[in-house]
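Student: sequence unknown, structure follows:
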């Protein structure tokens, strides 16, 4: 990867994180998961997926399904930086005059399907992948899933079926941020060894640092990893990445910060002093 | 034309039709090779099948999904509601062996709340044909409709010749004004014969084969309520949420009331057995239906 490309991606990701942080007040958002997958969405839309503003409805386009759903602020931010969504619309976050709420929906250009109920979008993606295969379209169907989402049986059921029909145009990206809603995954419902679990379902698996664009480039550019197999990238990420004061914390899953806290967090994002966070975490689950 | 022939015809004229099954091939066993480019068996995975159907529909396909009605509408309920209902995708959901048709399988296989839960989902319509001929007459329009549909699939022979079909219109037999029997699905045959018995006894009877429960033929039902002394709702379904509830909703909405005798499953699962023995045990043979209606009618002293 050229230095220029790397710098561009890093700068875009920084702006996306600013958008996410700005959505963490006035009702708040699922900030931890949004920050953990922001580098992935920035890379995928800028470097990997064959989709542009002009081809959002093109029959041959690549698809991305955000199955974990609650990290949609990362998508909103990414879409703003791509020019698909007007920046001013982010002010409508959670407002009744727009469709920018806590989970994805198709009223936002670029969002392929709604999600929020975990364990759904893999099978929806498999339906899309099947149709594309039957029509000999050489495109890529990416599904971002959460690690907590892997608790859902429908995820594994879907893999069985997609494997049976050799849907190797599917790429699953696991945002492995080590947390589900309230707990570290390994404390509540242990997932490791995740790679072996996917491999035993006949998937071809790669593990990368989900915040390292060069590692992403190496892994994504080698898709499909093996013929007739579903490709899986386990992206090791950090919940709350970019904000040391909330990183890797179970209690900063969903947050609703004050304007002052948000300003301090944006400072913190740019490498300045840590924010002084007083707001308590809302326990919504 | 039977169902398999219909599927072949639909697919050969329109590549959008896509047949799916969660390893329940009864309805299309003989044609899977002929439609193999428009067919997938997902195995025993109702949820994945519905999710994939939504994905296929996003690509412009019209998926026709098949499984046993209980597993399809209940195991996969949230997938139907969330992936098909919210997005209003034209997925056609064929539930087999619904109601009494699960015979001796037992309560696990008794879909007797399917109408209630499917009609509660916005955008999803409900078609419950009386027999194989009624199904064949109606299914083409149902499949061609732009909305998702839940269908109580069945293969029972017909005992009457059915009329042409329109979504939201019932099929009316007779214009009697003592008793109106409202029915859907496999109990139509019993209702038709019960009507004949009641007529021999001197009652004036009409019979509404409702066909689609959503949209419901409100005007024909209101006409029956206005013109008949007694309304009977007859269904192999729990009393809650099915036809009796639909009628109650219509009456309340129109600020009228009526004498209604509901013949349904009263908050219990039915006795598992072969079909004719179930009907006898639960009181749903045409003779028993006629007696139950007659007794109620005489009690009321209309």
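Tutor: Structure received. These numbers were taken from a predicted model, which means no experiment stands behind them.

Student: Give me the residue at the spatial middle of chain B.
Tutor: residue B:128 (2.0 Å; C-alpha atoms, centre = their mean).

Student: got a list of what whichever residue of the stretch 1-150 of chain B sits closest to chain A touches?
Tutor: Closest residue of the stretch 1-150 of chain B to chain A, C-beta to the nearest C-beta: residue B:55 (2.2 Å). The way it works is simple: take the backbone N, C-alpha and C, and place the C-beta from them, glycine included. By C-beta atoms under 8 Å, 6 or more residues apart in numbering or on different chains, the residues touching residue B:55 are A:123-131.

Student: quick one: pLDDT of it?
Tutor: pLDDT, residue B:55: 98.

Student: Wasn't it part of a helix?
Tutor: Yes: under DSSP: H, G, I helix; E, B strand; the rest coil, residue B:55 falls within a helix.

Student: The residue nearest to the centre of chain B touches residue B:214, doesn't it?
Tutor: No: under the criterion of C-beta atoms under 8 Å, residue B:128 makes no contact with residue B:214, lying 9.8 Å away.

Student: how about the residues of the stretch 1-150 of chain B that lie near chain A?
Tutor: B:37, B:40, B:42-43, B:45, B:47-61, B:63, B:78-79, B:82-83, B:86-87 (C-beta under 8 Å from any C-beta of the partner chain).

Student: ok, of the residues you listed, which come out buried?
Tutor: Buried by 16 or more other C-beta atoms under 10 Å in any protein chain shown: B:40, B:42, B:45, B:47-59, B:61, B:63, B:78-79, B:82-83, B:86-87, out of the residues of the stretch 1-150 of chain B next to chain A.

Student: quick one: which of the residues of the stretch 1-150 of chain B next to chain A sit in strands?
Tutor: Counted as lying in strands by DSSP state E, out of these, are B:40, B:63.

Student: which helix is the longest one in chain B?
Tutor: helix B:286-300 (DSSP state H).

Student: Sort out which residues of it are buried, please.
Tutor: Neighbour-count burial for helix B:286-300 [16+ other C-beta under 10 Å]: B:286, B:288-290, B:292-294, B:296-297.

Student: so which of those comes closest to chain A?
Tutor: Scanning these for proximity to chain A, where the rule is C-beta to the nearest C-beta, the winner is residue B:289, at 42.1 Å.

Student: before we move on, the earlier item: how about the residue nearest to the centre of chain B, what does it touch?
Tutor: B:98, B:115, B:151-152, B:184-185, B:210-213.

Student: In JSON lines, list the residues you listed along with pLDDT and secondary structure.
Tutor: Putting those into JSON lines (pLDDT from 0 to 100; DSSP: H, G, I helix; E, B strand; the rest coil) gives the following:
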{"residue": "B:98", "pLDDT": "98", "secondary structure": "coil"}
{"residue": "B:115", "pLDDT": "98", "secondary structure": "helix"}
{"residue": "B:151", "pLDDT": "98", "secondary structure": "strand"}
{"residue": "B:152", "pLDDT": "98", "secondary structure": "strand"}
{"residue": "B:184", "pLDDT": "98", "secondary structure": "coil"}
{"residue": "B:185", "pLDDT": "98", "secondary structure": "helix"}
{"residue": "B:210", "pLDDT": "98", "secondary structure": "coil"}
{"residue": "B:211", "pLDDT": "98", "secondary structure": "coil"}
{"residue": "B:212", "pLDDT": "98", "secondary structure": "strand"}
{"residue": "B:213", "pLDDT": "98", "secondary structure": "strand"}
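
Student: which of these lies closest to chain A?
Tutor: The closest of the contacts of residue B:128, once distances to chain A are taken by C-beta to the nearest C-beta, is residue B:151, at 19.9 Å.

Student: count of residues packed around the closest one?
Tutor: 27 (other C-beta atoms under 10 Å in any protein chain shown).

Student: right, and it touches residue B:91 too?
Tutor: No: using C-beta under 8 Å, residue B:151 is not in contact with residue B:91; the gap is 11.0 Å.

Student: can you count the residues close to residue B:264?
Tutor: If we define neighbours as other C-beta under 10 Å, then residue B:264 has 20 of them.

Student: List the contacts of the host helix or strand of it.
Tutor: Taking DSSP states H and E as the criterion, residue B:264 maps to strand B:260-265. With C-beta under 8 Å, 6+ apart as the test, strand B:260-265 has contacts from B:112, B:230-239, B:242-244, B:247-248, B:282-284, B:289, B:292-293, B:296.

Student: Quick check: next helix or strand after that strand?
Tutor: Using DSSP H and E, the first helix or strand after strand B:260-265 is helix B:275-282.

Student: Identify the residues contacting that next one?
Tutor: Taking C-beta under 8 Å, 6+ apart as the rule, helix B:275-282 contacts B:100-101, B:103, B:190, B:265, B:270-273, B:284-285, B:288.

Student: Next, name the residue at the spatial heart of chain A.
Tutor: residue A:37 (4.3 Å).

Student: a helix runs through it, doesn't it?
Tutor: Yes: membership of residue A:37 in a helix is supported by three-state DSSP.

Student: So it is in contact with residue A:144, correct?
Tutor: Yes: because the distance of 6.3 Å satisfies C-beta under 8 Å, residue A:37 is recorded as touching residue A:144.

Student: Find the residues that touch each one of these two.
Tutor: With C-beta under 8 Å, 6+ apart, residue A:37 and residue A:144 have common neighbours A:68, A:71, A:175.

Student: Generate a markdown table for those, with secondary structure, neighbour count and pLDDT as supplementary columns.
Tutor: Converted to a markdown table, the shared contacts of residue A:37 and residue A:144 look like this (DSSP: H, G, I helix; E, B strand; the rest coil; neighbours: other C-beta atoms under 10 Å in any protein chain shown; pLDDT from 0 to 100):
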| residue | secondary structure | neighbour count | pLDDT |
| --- | --- | --- | --- |
| A:68 | coil | 29 | 95 |
| A:71 | coil | 29 | 97 |
| A:175 | strand | 28 | 98 |
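
Student: Which of the residues you listed sits closest to residue A:234?
Tutor: Checking those against residue A:234 with C-beta to C-beta, the nearest one is residue A:175 at 9.2 Å.

Student: That closest one pairs with what?
Tutor: Note on residue A:175: beta-bridge partners by DSSP bridges are residue A:146, residue A:235.

Student: ok, it touching residue A:148?
Tutor: No: Residue A:175 is not in contact with residue A:148 according to C-beta under 8 Å; the separation is 9.5 Å.

Student: contacting residues for residue B:118?
Tutor: B:73, B:80, B:93, B:124, B:126, B:150, B:214.

Student: So which of those residues sit within strands?
Tutor: B:93, B:126, B:150, B:214.

Student: can you pull the pLDDT of the last one?
Tutor: In the prediction, the pLDDT value recorded for residue B:214 is 98.
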